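> sequence first, then the predicted structure:
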Amino acid sequence: MKDGPMKNRPTRSAGSGHDTADMPEIRDWSGAKRGLFYRPIKRQLTLRLDADVVAWFRGQAKDGSGYQTRINRALRDHIAKRRRKSA
C-alpha cells in the first residue's frame, strides 16, 4: 500500500495512459510564459567588453540590473541568425 503524498495519485493501467479526468482543459494559453522552467547551465568566465557596449546594455535595464542577461540574449540571437544563414 502506498503511503505519504503519493497514496492518492491515480495509477496507470495498461493501454489507458494517464488519468486526466479531474484536470481542467486549458484552451487559453495567452498568460503562459515561455521558458519559465528552462534553466541553461551557466559558466562563469571573465570577458572583456568595450565600456560603451556595457554602458549601453546597462542603460537598457532598470537600475542597471539584468544587463548580463541582455548581453547573453543578444549573443544567442546572433548565433541563431548565423545558424539560419548557414543552413
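Received the coordinates, thanks.
> A helix includes residue 57, no?
Yes: under DSSP: H, G, I helix; E, B strand; the rest coil, residue 57 falls within a helix.
> isn't it right next to residue 70, touching?
Yes: using Cβ atoms under 8 Å, residue 57 is in contact with residue 70, at 5.1 Å. Quick note: C-beta positions are derived from backbone N, CA and C, even for glycine.
> the two: who's more crowded?
Per other Cβ atoms under 10 Å, whichever of residue 57 and residue 70 has more neighbours is residue 57, with 19 against 14.
> tell me the confidence at the more buried one?
Model confidence at residue 57, given as pLDDT, is 94.
> can you pull the contacts of it?
67, 70, 71, 74 (Cβ atoms under 8 Å, 6 or more residues apart in numbering).
> what do you get for residue 56?
Contacts of residue 56 (Cβ under 8 Å, 6+ apart): none.
> and the gap between the spatially most central residue of the chain and residue 22?
Centrality entry for the chain: nearest residue to the mean C-alpha point is residue 35, 2.5 Å, by Cα atoms, centre = their mean. Note on residue 35: its distance to residue 22, by Cβ to Cβ, to the nearest Å, is 28 Å.
> ok, now residue 85?
48 Å.
> name the residues of the lengthiest helix in the chain that are buried.
Looking across the chain with DSSP state H, the single longest helix is helix 67-86. Neighbour counts over helix 67-86 (16 or more other Cβ atoms under 10 Å) mark 67, 71 as buried.
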